[in-house]
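>>> sequence and predicted structure below; questions after.
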Amino acid sequence: MRILLVEDDKFFREFYAQKLREKGIEVFQAENGEIGLKAVQDSVPDVILLDIIMPVKDGFEVLEALSQNEQTKKIPVLVFSTLGQEKDIEKAMSLGARGYVNKSFFDFETLFKRIMELSQK
Amino acid sequence: MKGNNYMAMNQEDITQYKSLYLQTSWGYLNMLRKNVAFLLKGTQVENALDSAHLAAHSLKSQSILMGYNQIGKISEEMEKIFNETKENKTMLKESTLRIILSGLKKVQISLAQISENGGEVDMIEEINKLGELIKN
């Protein structure tokens, strides 16, 4: 299982990458949307964990770009949200995200279960 | 803090990630201070708003995960104000920026105390003031 974690915050990137690796998941990291899209071109992941508010290219732009490419439009994307982002989540879902997790509420078992479900669809 | 039901990391993770939290949080605090200064001067307003919003958002998210709920809450109120200003729903007054600076001073003290194995300082006054500005 290969996951691409697109997140500008180094703290979250390192924390979640480590937790996922402990479950035997291969994790690739990108610090903004532009780097994330390049990483997807190099190697298609099973699931993308995508932050929304990022510099350079945000999560909405990434979702739009993924949906416009035949090779990437079926990659399941879980949005990495936080408190007060209800409107952002709604917009992300309308752009093709398959779900969301609140990165500030640490519930790794739920996150892991969602990743496994999405990777098997 | 009343009304919050944040679920933070466990103690082992908090200990392991505290150093990285402090490193990134100081970065966000400095980014906030620098951009609030630009906003006070009225220079580079659009870029300053974007950067301040991003910094407040990131500081909020990681502080909540670490269980530092006062820093999380005050950053959340700042994020809302910067966001509403970006969306032209509110005007950013000098008095608001002064309250934000006062809050940032307490964030600074809190981070210094956390690095010395202490806790956060009480920021409820600034949190309430910023919260009232959003309501109005």
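Happy to help now that I have it.
>>> longest helix anywhere in chain B?
Longest helix of chain B, by residue count under DSSP state H: helix B:11-41.
>>> report the buried residues of it.
Under the neighbour-count criterion of 16 or more other Cβ atoms under 10 Å in any protein chain shown, helix B:11-41 has B:13, B:17, B:20-22, B:24-29, B:31-33, B:35-36, B:38-39 buried. Where C-beta positions appear, they are placed from N, C-alpha and C, glycine not excepted.
>>> could you give the separation of the helix or strand hosting A:S119 from the chain centroid?
Mapping A:S119 onto the secondary structure by DSSP states H and E places it in helix A:108-120. Taking Cα atoms, centre = their mean, to the nearest Å, one finds helix A:108-120 lying 12 Å from the centre of the chain it belongs to.
>>> what is that helix packed up against?
Contact partners of helix A:108-120 among helices and strands, from 3 or more Cβ pairs under 8 Å, 6 or more residues apart in numbering or on different chains; DSSP states H and E: helix A:10-22, strand A:47-51, strand A:77-81, strand A:99-102.
>>> now tell me what touches that helix from outside.
A:1, A:3, A:19-20, A:23, A:25, A:46-47, A:49, A:76, A:78, A:98-99, A:101 (Cβ atoms under 8 Å, 6 or more residues apart in numbering or on different chains).
>>> so how many other residues sit close to A:M116?
Neighbour count for A:M116, taken as other Cβ atoms under 10 Å in any protein chain shown: 14.
>>> distance check, it against A:L78.
Computed as Cβ to Cβ, to the nearest Å, the A:M116 to A:L78 distance reads 11 Å.
>>> from B:A55, how far off is the residue most central in space within chain B?
The centroid of chain B falls nearest to B:S75 when counting by Cα atoms, centre = their mean (2.6 Å). Applying Cβ to Cβ, the value for B:S75 to B:A55 is 8 Å.
>>> go on, B:Y17?
19 Å.
>>> and chain B, which residues reach chain A?
Proximity of chain B to chain A is confined to B:6-9, B:13, B:17, B:20-21, B:24, B:53-54, B:57-58, B:60-62, B:64-65, B:72, B:76, B:79-80 under the rule Cβ under 8 Å from any Cβ of the partner chain.
>>> go again using 6 Å as the cut-off
Within chain B, the positions lying close to chain A (Cβ under 6 Å from any Cβ of the partner chain) are B:7, B:9, B:17, B:20-21, B:24, B:57-58, B:61-62, B:64-65.
>>> between the helix holding A:S119 and helix B:11-41, how many degrees?
80 degrees (axes from the mean of the first three to the mean of the last three Cα atoms, to 10 degrees).
>>> so where does B:S102 fall, helix or strand?
Going by DSSP H and E, B:S102 is part of helix B:94-115.
>>> now for that helix, which elements pack on it?
Applying 3 or more Cβ pairs under 6 Å, 6 or more residues apart in numbering or on different chains; DSSP states H and E, we find helix B:94-115 packed against helix B:11-41, helix B:69-86, helix B:124-135.
>>> ok, then the element right after the longest one?
Using DSSP H and E, the helix or strand that follows helix B:11-41 towards the C-terminus is helix B:45-66.
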